[in-house]
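Peer 1: Model the structure of this input:
(chains A and B)
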Amino acid sequence: MALTGIEIFKMLPKTNCKECGFPTCLAFAMALASGKAELAACPYVSEEVREKLAEAAAPPIRPVKIAMKDAEKVIGGELVMFRHEKTFFNPPLIAGLLTTAMGDAQVDAQLDAFAKMQFERVGLMLRPEMFALKDLGDGATFTALAKKVADRTDAAIMLMSDNVDYLKAAAEAIKDRKPVLYAATAANAEAMGALAKELGVPLVAKADNYDALAELSTRLTGMGLKDLILDSGSRTLKQAFQDQVVIRRAALGPKFRPFGFPTVTFPCEMTDDPLKETMYAATFIAKYGGIVVLSSLEPHRVFPLLLQRLNIYTDPQKPMIVTQGIYPINNPDENSPIAITTNFALTYFIVSGEIEGSKVPTWLLIKDTEGLSVMTAWAAGKFSGDDVGQFVKKCGITEKAKTRTLIIPGYAAAISGDLEEELPDWKILIGPREASHIPAFLKSLQQ
Amino acid sequence: MAFEIPKQIYSGSIKTVTIGKGDKAITLGGETSYPFYVFEGVMPNPPRVAMEVWDKDPGEDWAEPAKEPFREVLGDPAAWAKKCVNEYGADAVALILVSTDPNGDDAPPEAAAATAKKVAEAVDVPVIVYGSSNQDKDAEVLPAVAEACQGLNVVLGPVQDKNYKKVGAAALAYNHVVAANTPIDVNLAKQLNILLGQLGVKDSQILVDPTTGGLGYGMEYCYSVMERDRMAALTQEDDRLQFPIINYAGQEVWKVKECKQTNEEAPQLGDQQTRGILMEAVTAVSLLLAGSDLLILRHPETVKLAKTFIQEMLA
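Peer 2: All right, here's what the predicted structure looks like:
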C-alpha cells in the first residue's frame, strides 16, 4: 500500500532547502503522500530512495493512456473491487470490430454509425470511443483499413493481427494515432514488444491461463514496456467473468504486479447472437473490463451499455447534479403549467421522466439545492419558500410563460405559505409526493 | 511459482427461502460467495426470473413493444399469467395490483384479493403479489390477498416500515413470504428485517426488496446497496441481511422515456423494441451481478436472455 507522509519523510534529505517549492521536507512528504506533489521536485533524494518511492507510489493497476484523435482516454488505474468502497475512475472503452474481410460499404456504414453515436445526458457526452481492426490475413487491406479509420474518425484504434509484419506496417502508417497493438503472445513477445516500444504505444499481452499471462507480462515489463493491457484468452462468459475478478483482485490485494494492468474483453468473439453479446458486454462493464469489443455498433445495443457504464462509473461520493434552470418538457407554450423541483440528478430524471410520460406540455424549473433531494433540501433550508420564490422570479420563466401557477413537490408542502408571500401574484399548487403520481396530477389540471 | 487466486474469506451465507407450493415451488438463496463467484463458493439455487402481470390493461402506461407479446391477454390477468408460464417459461408470476392505487382506480381490497386468488390458482408456479406501494392501501389490500391465497405460499410486497405490522401479521397467519422493501439503504433494510423478526416472521419468510432503479435512472444506487448488503451478509456476518434479494425491475426500466420513444421519435437510438429489451436485459445483468435472487421482468425476450445468462454463468 502507499506510504504515509511520515514514512516518506524519513527517506528525504531533511534539509528543508525549499527547492521543491514546499517550506519543509515534512510538508513535501505530506504532499507526496496525498499525491499533490511529484518526487522529481526534490533534486537531492538518492537514486535508491527514488526507486523505492516510485515502487511504493505506483498505482496497483497501471493507468494506461489510450489516444483518440483529439482526446486522451485512460483505462485501468482502479483502486477498489466495489464502487461503493470509493469509486471507479476510468470507464471501459466501448469498441466496434472491423475486419479486413468486410467490404467497403460495410466499413463505411460502421464509420458513419460511429460518428452519429453521440448521446448527450446531464451535460455529458455518451459515446463509443474505439474501433478494433482485425487482420484476417491480408496485410495491404489491413493498412488501408487502418488509414481509413484514422482519417475518417476520431476513434481510438486497436490493431489486431497474428502477423507482426502486417501489424508493423499498419501501425507505422497511423503511428501518430498511437494505436493499441494486439497481441503479444509467448511466441512473438520479443518482436511485438520491440515494435510497441519503438512506436511508444500500448500493447496487449495475451495468454490462455493465469501462469502464462503472468509470465508474459513479466517478460514484457522486463523489456521496459509499461503500458500493457491483459487478455486472459477466455471466450466463455463464466471463465472470462472469473478472470476479470481474479485479475483485479490479484492486482489490488496482494499487489501482484504482473496483473497490475487493465484488461481487454471480447464479447464479439463469444457469441454470434447480438443480444447475448450485449449482455456479455454489460457483464464486463460492471465487472472490470478495460476495453469491451463489440462485433458491431448499433445504437439500440450501444445506448443501453453507455447508460450502464455511466451508472456504474458515477462517483458514489458525490451527488449527481443537473444545472439550475428552465427545462421545457413536451414542448410547452406560454399557457403551460410550471413545476419546480431540486437539482439532484435522480430527482430530475424521475420527475422529468414522469412529466414526459404524461405527455402534458410543462415547464420544469430546476433549482440548485447542491444535489440534495426534495426532503433533504427542504430540511437543510436549501428549498425554502424565500429561496424558491426568488429563484422563480429571477430564472426567466415569467418571460416564457403567462401562467402564474407553480406546482411544488408534495414533500415540500410546508413552504407553500412562505412562497405565497414571496410570490403574491402566483397560485401555489402542492403536487404529489411520489413522482409516479405526477401524470395523473398534470392530467387533472388540464380538465 | 504457480499463480494462486487470492482468497476472499466468507464468514456467512445467504439464508434460503422457499416460495410457492408443490412441484414448481422455488427455493431462493443459499449462496456462500459473491454473486456468481462460483470458483470460491456455491450458488445452490440459481437466481430466478418472474414475469410481470398487471391486474388491469396497462394501456398507455406500457411501451408498445412491451405490450405486443401479451396483446390478447391484457386485461385478463389469469390468462396473462398462464401465457407467461406456458409460452414464455416464467419461473414465477408477479401480479401487480395497479388497480388498487388510491391515486388511480382505487379498487377495493376484496376485488384485488379475488384477482390474486384467480391468478394464483391459474398457474402452478409461485406467485408474487405486489400492491400499489401506497402504504395505507397496501395495509388493507395485502392482508386480504394473504387470506384469499391461503395455503399457496405467495410473496406479499412491498412491505414497508409503516405497514409491516399488518402485512407481516397476515403473512404469519396464512403462511406467506414477505418482500421487505426499503428506500435504497442498507441500514433501513436491516432495520425492517429486524422489525419483521420481532413480529414473529421467520427468516424463511423474508425477501429483501432494496428498491430498484432503472438503467440510466438511478440503477447505480440500488446496485451499490445490493453489493453492500451482500458484503455485510457474506463477509461481516450480518445475520439480518442474509436474505435473498428480489428486484422489481421491469416497470423501472420500461417506464422511462428511452423505452417509450418510437423509431420515428428517436431514430438516433435505433430500434425501439431491441433497445427496450436490451435496456431491461442490461439492467437484469447488472442486478444479478450485484446479488439479485429473484428478478421481476417484463418482456419475454428479456426473460429468455436473463435465464440464458444465469445458466451460462453457472454452467
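Peer 1: Only C-alpha atoms from now on, for both contacts and neighbour counts.
Peer 2: Fine.
Peer 1: Around chain B, pick out the residues from the stretch 151-300 of chain A.
Peer 2: A:210-211, A:214, A:237-238, A:242, A:246, A:249-250, A:253-254, A:275-276, A:278-279, A:282-283, A:286, A:298-300 (Cα under 8 Å from any Cα of the partner chain).
Peer 1: And residue A:268, how far from residue A:156?
Peer 2: 18 Å (Cα to Cα, to the nearest Å).
Peer 1: Tell me which of the two has more neighbours.
Peer 2: In terms of neighbours (other Cα atoms under 10 Å in any protein chain shown), residue A:156 is the more surrounded of residue A:268 and residue A:156; the figures are 27 against 22.
Peer 1: can you count the residues close to the closest residue to residue A:246 other than its chain neighbours?
Peer 2: Computed as Cα to Cα, 6 or more residues apart in numbering or on different chains, the closest residue to residue A:246 that is not its neighbour in sequence is residue B:5, at 6.4 Å. A total of 15 residues lie near residue B:5 under the criterion other Cα under 10 Å.
Peer 1: again, but for the one 3 residues further on
Peer 2: By the criterion of other Cα under 10 Å, residue B:8 has 13 neighbours.
Peer 1: Checking it next. Helix, strand or coil?
Peer 2: Following DSSP: H, G, I helix; E, B strand; the rest coil, the label given to residue B:8 is coil.
Peer 1: How far does the helix or strand residue B:223 falls within sit from its chain's centre?
Peer 2: Using DSSP states H and E, residue B:223 maps to helix B:219-235. Distance of helix B:219-235 from its chain centroid, counting by Cα atoms, centre = their mean, to the nearest Å, is 16 Å.
Peer 1: Please report how far the residue nearest to residue A:246 lies from residue A:262.
Peer 2: From residue B:5 to residue A:262 the distance is 18 Å (Cα to Cα).
Peer 1: go on, residue A:110?
Peer 2: For residue A:110, the distance to residue A:262 - Cα to Cα - is 26 Å.
Peer 1: Pick out whichever of these two has more residues nearby.
Peer 2: Between residue A:110 and residue A:262, counted using other Cα under 10 Å, the more crowded position is residue A:262 (29 against 19).
Peer 1: Would you agree that one is in contact with residue A:61?
Peer 2: Yes: with contacts counted by Cα atoms under 8 Å, residue A:262 reaches residue A:61, the gap being 6.8 Å.
Peer 1: Residue B:128 looks like it's in a strand, true?
Peer 2: Yes: counting by three-state DSSP, residue B:128 falls inside a strand.
Peer 1: wait, isn't it in contact with residue B:91?
Peer 2: No: look at residue B:128 against residue B:91 with Cα under 8 Å: they stay out of range, at 11.1 Å.
Peer 1: quick one, which of these two is more surrounded?
Peer 2: Comparing residue B:128 with residue B:91 by other Cα under 10 Å, the one with more neighbours is residue B:128, at 27 against 23.
Peer 1: Need the pLDDT of that one.
Peer 2: You'll see residue B:128 listed with a pLDDT of 98.
Peer 1: Spit out the contact partners of it.
Peer 2: B:92, B:93, B:94, B:95, B:154, B:155, B:156, B:157 (Cα atoms under 8 Å, 6 or more residues apart in numbering or on different chains).
Peer 1: what's the closest non-adjacent residue to the third one?
Peer 2: Distances taken as Cα to Cα, 6+ apart put residue B:128 closest to residue B:94, at 4.4 Å, once the chain neighbours are dropped.
Peer 1: need the helix or strand of chain A with the lowest average pLDDT.
Peer 2: helix A:47-57 (a mean of 79; mean pLDDT, DSSP states H and E).
Peer 1: How far does whichever helix or strand comes after that one sit from its chain's centre?
Peer 2: Later in the chain than helix A:47-57, the nearest helix or strand by DSSP H and E is strand A:64-67. Its chain's C-alpha centre and that of strand A:64-67 lie 13 Å apart, by Cα atoms, centre = their mean.
Peer 1: and the angle for the longest helix seen in chain B with helix B:219-235?
Peer 2: Under DSSP state H, the helix in chain B containing the largest number of residues is helix B:272-290. Using axes from the mean of the first three to the mean of the last three Cα atoms, to 10 degrees, the direction of helix B:272-290 lies 30 degrees away from that of helix B:219-235.
Peer 1: May I have helix B:272-290 as CSV, with CA atoms only?
Peer 2: C-alpha atoms of helix B:272-290 as CSV (Å, rounded to 0.1, in the frame of the first residue of the first chain):
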residue,chain,number,x,y,z
GLN,B,272,-37.3,0.7,-30.1
GLN,B,273,-38.1,-2.9,-29.4
THR,B,274,-34.5,-4.1,-29.3
ARG,B,275,-33.4,-1.1,-27.3
GLY,B,276,-36.2,-1.7,-24.7
ILE,B,277,-35.3,-5.4,-24.4
LEU,B,278,-31.6,-4.6,-24.0
MET,B,279,-32.2,-1.8,-21.5
GLU,B,280,-34.1,-4.4,-19.5
ALA,B,281,-31.5,-7.1,-20.1
VAL,B,282,-28.6,-4.9,-19.2
THR,B,283,-30.4,-3.9,-16.0
ALA,B,284,-31.1,-7.5,-15.3
VAL,B,285,-27.4,-8.5,-15.8
SER,B,286,-26.3,-5.6,-13.5
LEU,B,287,-28.7,-6.6,-10.8
LEU,B,288,-27.8,-10.3,-11.0
LEU,B,289,-24.1,-9.4,-10.7
ALA,B,290,-25.0,-7.2,-7.6
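Peer 1: what's downstream of it, the next helix or strand?
Peer 2: Helix B:272-290 is succeeded, C-terminally, by strand B:294-297 (DSSP H and E).
Peer 1: touching chain A at all, that following strand?
Peer 2: No: if you take Cα under 8 Å from any Cα as the test, strand B:294-297 misses chain A, and the best it gets is 15.1 Å.
Peer 1: If you count neighbours, what's buried in the very next helix or strand once past that strand?
Peer 2: As assigned by DSSP H and E, the chain's next helix or strand after strand B:294-297 is helix B:300-313. Residues of helix B:300-313 classed as buried by neighbour count (16 or more other Cα atoms under 10 Å in any protein chain shown): B:300, B:301, B:302, B:303, B:305, B:306, B:307, B:309, B:310, B:313.
Peer 1: Could you do stretch A:100-118 as well?
Peer 2: Result for stretch A:100-118 [16+ other Cα under 10 Å]: buried residues A:100, A:107, A:110, A:111, A:113, A:114, A:115, A:117, A:118.
Peer 1: cool, and stretch B:23-39?
Peer 2: B:25-38.
Peer 1: that older thread, show me just the buried residues among the residues of the stretch 151-300 of chain A next to chain B.
Peer 2: A:210, A:214, A:237-238, A:242, A:246, A:249-250, A:253, A:275-276, A:278-279, A:282-283, A:286, A:298-300.
Peer 1: out of everything not next to it in sequence, what's closest to residue A:219?
Peer 2: residue A:189 (8.0 Å).
Peer 1: Now for the one you found: which residues touch it?
Peer 2: A:216, A:219, A:220.
Peer 1: who wins for neighbours among those?
Peer 2: That'd be residue A:220 among the contacts of residue A:189, by other Cα under 10 Å, with 24 neighbours.
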